Each structure stands twice: as structure tokens, then as C-alpha cells.
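**Student:** Need a 3D model of the following:
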Amino acid sequence: MKFKASAFTPRRLQLALIAVPMILGALYYTLVASDRYTSESIVAVKSAVVTPGPGGTISLGSGSGLLSWEDTLYLLNYVHSGTLARELDGQLKLREHFEQPRADIFYRLWPGTSVEWWVRYYRSRVELEFSDVNGLLTIRTQGFDAETAQKLNRAILDHAERFVNAFSHRVAAEQMKFSQGELDAASKRLQEAKGKVVAFQTANKILDPLAQSAAATALTAELQASIARQEAELKSLLSFMQPSAPQVVTLRDQIAANRAQLEAEKARTTNAQGGDRLGTLNTEYQSLLLASVIAEDGYKSASAALEAARIEAARKIKSLVIVEPPTRAETAEYPRRIYNLLTLFALCLITYAVVRLVAATIQEHQD
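**Tutor:** Residues are numbered from 1 along each chain as shown. Purely as a prediction, here's the structure:
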């Protein structure tokens, strides 16, 4: 069968490519297409303003704060998540609304569809637009009536606010929990170190071995010097006095008493093995004292880290700022009948022109 380009007359092409599509389009948008109303809201996520107060306290200021773009993007993904789609369906009975019998088979939700298909349908009815210029998130919801569209938008904002609060507080709580745990551990180590120092002092009945050792050394040196002076004085007296003279006897008694005191002092500062008892205690005490100082420094560092974590955790607290609350439409925004019909007409004209050109080229070659 030979193809005849002459069969495609301009009148037939106009009827097939322009008139028929336009009539079908007009019938669809007039009799079949369902009105869809929209509700719009504009939100953003704002960081808290942290104001240092007296005594190391902090307060959340009431200033404008900073818009958190990263958290706003998290919020965008949450609004389009399947979890929220299922929660909103249980709350607002959205599937029943979109499954209502309608002639418009292209935009209704068919009964009995799977959850995955419902999530895709939900995303097509909730439009999100994030502005890279100012960090604002625009939420547009659709419904077959204005009330449902507004309810859906308001419910999304309620869930979004809870999501932002829970997310920011969870991050802050985890950071504070870690820092508090470090402080508690440092406090426990400090108490144990101080307890060992007190136990050492109680067991050895000595408050400060360092001071005791210094005092014992000074006393021993003083006794030795006193004995040396008295012995020199005794030799001087014996050069012109009898050994039984009262002054000589008294001086000998003083020397004997000082020697006894010196021996007692040496016995008190030495252990059973003859070693330096105060020196041993001093070494052990210094080790315990050093451990106590290190534990105290660790406690101070952990306390400063906890304070810094409190300030940082306060900065992580976010809030949802509603720039524009959900609107209630008075007229249906979709379908855009005139715009769609004009677009269809333009496409028909382009198709008609292309087909005419092809048909004319084929006819010219056949001739």
C-alpha cells in the first residue's frame, strides 16, 4: 500500500491535530477536572540567642537569632518523609479525602493503593520550596476543598515544630550528658584522692610530713649545736674546777638531758629497720598529694568543659519560626484551565506545523 501525502489535507490536519485535542481538552477541564485548593505557609528554623549572665549563668535572649539553613533542609526532608505521611493520614484521614469518587481519574487516589504509592501521592500534594537567598521554606498543600488544604498545612507545621524541638533538644541533651558524665568521673577521682590523703594522715597520726620533717631537722640541729656548746663549756670549767663541783655536775646533767632528747628525736624520726621514717612518709605523702592535685586539675577542667557544653547546648536549641501561617484559599488554584488550554493550543499548532512540513516534503518528492 503506497503512502499518499495528498491525503493529509490542511483541513484534515487542522481537524485531527487542533480541533479534536482542543475539544477533548475543553471537555476535560470543564466537566472532568476537579478543583484543587492550596494553602501556603512560610517557615524557617532559628537558632537560640545565648546571653551570658552573672555568676556564670546563661539565658536565652529574645533577639532575632540566626536562621539555621542546615536544620531547615532537615525539616524539608522530614516534611516529605513517609513517617509523616502515615502519621498525617491517621490524624486527618487524608486517604479517605483523596479517595472520594471523582470523575478526575488523573488526580484522585485510587482505593486500596499501597503505602508506598500513598507516600508518593502525598509528596505530589505537598510542594516544598527552599530559598537559597533567605533560607525560608515555603510549604504548599493541596486538597479538594479549602478546609482540608489548610488543615493539612497546619498539621504539617505542628509536626514540624515538634520535630525541630525534639531534634535540637536531643542533640543538646546528648552533649550535656557526656560532659556531665566526665565531671562526675572527675569528681569521684578527686574525692578518692582526697580520701587517701586523709586516711594517710589518720593512720600515721601526722598532718603534714613535710612540715614535721622540717621541724624535726631544725630541732635535731638545735640540740646538736646546744650539746656542742655545752661540751665546750664543760671542758672550760674542768680546766679550773673539780669534777664534783656543782656547776660541772649541773652542766653534765644538761648535756645528758640534751643527748637523751636528741636520741629520742632520732628514734621518733626513724623506723624499726633504722631507715628514715619521716623521709619515707614524706615521699608517700607527696605522691598522694600530687595525685590529689592532678585530680583537682582534672575536676576544674571537666567543670569548665561542662560550662562550655551548657553554652554550646543552649546554642543548639532551635525553634520553628512561622513567617506566614497557613492560608485559606477562596478560589481553586488548580487546575489552571485557561493556561493549560492555551498551552495545549500552542502544542497543537506546533505539531500541526511540523506535520504539514513533513507532508509537504513527502508530496514534493513523490511528484
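**Student:** Which of the helices or strands spans Leu128?
**Tutor:** Assigned by DSSP states H and E, Leu128 belongs to strand 126-130.
**Student:** which strands and helices sit next to that strand?
**Tutor:** helix 69-79, strand 137-143 (3 or more C-beta pairs under 8 Å, 6 or more residues apart in numbering; DSSP states H and E). The C-beta positions use only the backbone N, C-alpha and C, and glycine is treated the same way.
**Student:** The next helix or strand after the first one vs helix 69-79, what angle?
**Tutor:** Translated: helix 69-79. Following helix 69-79 in sequence order, the next helix or strand is helix 82-92 (DSSP H and E). For helix 82-92 against helix 69-79, the angle by axes from the mean of the first three to the mean of the last three C-alpha atoms, to 10 degrees is 60 degrees.
**Student:** Show me the shaky parts of the stretch 1-150 of the chain.
**Tutor:** Scanning the stretch 1-150 of the chain for pLDDT under 70 picks out the ranges 1-8, 48-67, 103.
**Student:** where exactly do the strands run in the stretch 251-367 of the chain?
**Tutor:** For the stretch 251-367 of the chain, applying DSSP state E, counting those that start in this stretch gives strands covering 318-324.
**Student:** Any regions of it where pLDDT drops low?
**Tutor:** Looking along the stretch 251-367 of the chain with the criterion set at pLDDT under 70, you get 258, 262-279, 309, 311-316, 365-367.
**Student:** can we see that at 50?
**Tutor:** 272-275 (pLDDT under 50).
**Student:** For the longest strand belonging to the chain, C-alpha coordinates in PDB please.
**Tutor:** As assigned by DSSP state E, the longest strand anywhere in the chain is strand 37-47. Provided in PDB are the C-alpha atoms of strand 37-47 (Å, rounded to 0.1, in the frame of the first residue of the first chain):
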ATOM      1  CA  TYR A  37      -7.400  24.300  46.600                       C
ATOM      2  CA  THR A  38      -4.000  25.200  48.100                       C
ATOM      3  CA  SER A  39      -2.800  26.500  51.400                       C
ATOM      4  CA  GLU A  40       0.600  28.200  51.800                       C
ATOM      5  CA  SER A  41       2.800  28.800  54.800                       C
ATOM      6  CA  ILE A  42       6.400  30.100  55.100                       C
ATOM      7  CA  VAL A  43       8.700  28.800  57.900                       C
ATOM      8  CA  ALA A  44      12.300  28.800  58.900                       C
ATOM      9  CA  VAL A  45      14.400  27.300  61.700                       C
ATOM     10  CA  LYS A  46      16.100  29.800  64.000                       C
ATOM     11  CA  SER A  47      19.000  29.200  66.500                       C
END
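**Student:** how much does it deviate in direction from helix 69-79?
**Tutor:** 140 degrees.
**Student:** What is strand 37-47 packed up against?
**Tutor:** Against strand 37-47 (3+ C-beta pairs under 8 Å, 6+ apart) you get helix 69-79, strand 137-143, helix 146-204, strand 318-324.
**Student:** so what's the backbone phi/psi at Asn134?
**Tutor:** phi -120, psi 0 (degrees, to the nearest 10).
**Student:** now do Asp145
**Tutor:** phi -140, psi 160.
**Student:** Against Ala329, how distant is it?
**Tutor:** Distance, Asp145 to Ala329, by C-beta to C-beta, to the nearest Å: 9 Å.
**Student:** neighbour count winner among these two?
**Tutor:** Higher neighbour count among Asp145 and Ala329: Ala329, with 19 against 15, using other C-beta atoms under 10 Å.
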